[in-house]
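Q: 3D model of this:
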Amino acid sequence: MSNRILWFLLLIWVFGLGYLLYLIFFVSYTWSLEINSNVENYSVKMYAKKVAQTYNYECETKVCKLSDISPFDYNITISSPTYKDYVWEITIKSKNINSISLNLIKDTKLEFVENKTEQKVDTDLVNVKIEEIKIKKQSYFNIYLDWIWYLYFKESRNNLEMFRSFSWIEDKMGKFPKVAKDKIEIFQVHGTENLILISLDNNKYLYNLETFSINEFKLVPKIKYIKLWEKQNDFLIVTEVWIFIYTYSSNNPKYFYLFKDFVYSSWSYIWVIFKDEKEKFSNFSLKNNNKNIILKYNSIDLQRKVILETDLEIEKIIYEWNNIYFYDDMGKRYRLENY
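A: Residues are numbered from 1 along each chain as shown. Have a look, this model is predicted:
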């Protein structure tokens, strides 16, 4: 028998064996895989190691049955938007029910967001500079706030008179007791543009820029910032030592002992346990990995869970425009995603 005939028979045998293996592993002996997930609309990627092939599937329901799966070892990756990937190894066995039950975890993260800074609008830059110099020269204390321009105090005997300069038109805002310059602070009330908080030593004044009404109260700890809470009349005052709740109905801020800072959104509280709060970690049976802990507490089902650990040096938390923003010690802003 010639070598040509032998090669021809060998080729027939090789292709025949290959076709037989194809029939065994990809046609006759394929099996199914059932996936039970906690979410809908997810993607499944299966990589068969022995044949170096990747198979992709889309599942619209929580329970998803994949058919015609060959009996190999697979690396499987299950992905869904806003959730962390589920990665596993699985062996598809013939004559068995192959199934996976999984609980996808939300991919909660802090996404950096550029701060939008307002610019003073005036085409006559020379006049702008002159007015700025004038305000600084004649004022006892002054501050520039983006949405209301300049606020400043002038001395008037034993009092301070506050003025607002908007587009270089001066409006008198009120009269206050005189304190040292280093005891004066003015804060934006986050969540509204109609209110500011004036701090004159231990005396605090919540000032309405529309009605010119003033609510006065006392608070000794140094304030970091103030924000609206659940209602327009409720405020959270975050200080260097703790947080206080203030309402118009009571001029006595109430000390809130449970957490140093939090916001309320969609029936849930978003709280922070700072990494130096050793006792809090112990009280809530949490492991301290020397990171700040962000928790979510649902006020309806009373469920509490850790949603993120972070190294971010958190200075404040603001809820605005249906988003929760965290600010670091450099003033950079991060949006809480997928919580």
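Q: which stretches of the protein aren't confidently modelled?
A: The model of the chain has pLDDT under 70 over residues 1-30, 95, 116-128.
Q: buried residues in stretch 172-185?
A: 173, 176, 178-179, 184 (16 or more other Cβ atoms under 10 Å). Every C-beta, even on glycine, is put in place using the N, C-alpha and C of the backbone.
Q: And for stretch 250-258?
A: Using 16+ other Cβ under 10 Å as the burial criterion, the residues of stretch 250-258 that qualify are 253, 256.
Q: Next: stretch 214-229.
A: Buried-residue list, stretch 214-229, by 16+ other Cβ under 10 Å: 215, 217, 219, 221, 223-229.
Q: how about these in TSV, adding secondary structure and distance to Ala52?
A: Formatted as TSV, the buried residues of stretch 214-229 follow (DSSP: H, G, I helix; E, B strand; the rest coil; distance: Cβ to Cβ, whole Å):
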residue	secondary structure	distance to Ala52
Asn215	strand	71
Phe217	strand	71
Leu219	coil	68
Pro221	coil	64
Ile223	strand	63
Lys224	strand	57
Tyr225	strand	57
Ile226	strand	61
Lys227	strand	56
Leu228	strand	58
Trp229	coil	58
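Q: Between these, which sits nearest Lys137?
A: Closest approach between the buried residues of stretch 214-229 and Lys137, by Cβ to Cβ: Ile223, at 28.3 Å.
Q: Now for the closest one: which residues touch it?
A: 185, 187, 197, 199, 204, 237-239 (Cβ atoms under 8 Å, 6 or more residues apart in numbering).
Q: again, only using 6 Å
A: 199, 239 (Cβ atoms under 6 Å, 6 or more residues apart in numbering).
Q: Can you give me the neighbour number for Ser268?
A: Ser268 is flanked by 19 other residues according to other Cβ atoms under 10 Å.
Q: Kindly indicate which of the buried residues of stretch 172-185 lies nearest Asn75.
A: Nearest to Asn75 among those, with distances taken as Cβ to Cβ, is Ile184, at 63.3 Å.
Q: Relative to Gly331, which of the buried residues of stretch 214-229 is nearest.
A: Distances from Gly331 to those, taken by Cβ to Cβ, are shortest for Tyr225, at 11.5 Å.
Q: what about Phe166, how many residues close to it?
A: Phe166: 12 neighbours (other Cβ under 10 Å).
Q: For Ser199, see how far away the closest residue in space to it that isn't next to it in sequence is.
A: The shortest distance from Phe166 to any non-neighbouring residue, by Cβ to Cβ, 6 or more residues apart in numbering, is to Trp149 (4.7 Å). Separation of Trp149 from Ser199 (Cβ to Cβ, to the nearest Å): 20 Å.
Q: ok, now Thr77?
A: 54 Å.
Q: what's the answer for Leu286, then?
A: On the measure of Cβ to Cβ, Leu286 and Ser199 end up 34 Å apart.
Q: Looking at these two, which is more packed in?
A: Ser199 (18 against 14).
Q: Please identify the helix or strand for the closest residue to the more buried one other than its chain neighbours.
A: Nearest non-adjacent residue to Ser199, counting by Cβ to Cβ, 6+ apart: Glu185, 4.2 Å away. Glu185 is located in strand 184-190, with elements delineated by DSSP states H and E.
Q: and Lys134, backbone torsions?
A: phi -60, psi -50 (degrees, to the nearest 10).
Q: so where do the strands sit in the stretch 201-339 of the chain?
A: 203-208, 214-218, 223-228, 234-239, 243-247, 250-256, 262-265, 268-273, 292-298, 304-310, 314-320, 323-328, 333-337 (DSSP state E, counting those that start in this stretch).
Q: Across the sheet, point out what pairs with Glu337.
A: Lys109 (DSSP bridges).
Q: these two touch, right, it and Asp107?
A: No - judged on Cβ atoms under 6 Å, Glu337 makes no contact with Asp107 at a distance of 7.7 Å.
Q: Please consider this matter closed, and thank you.
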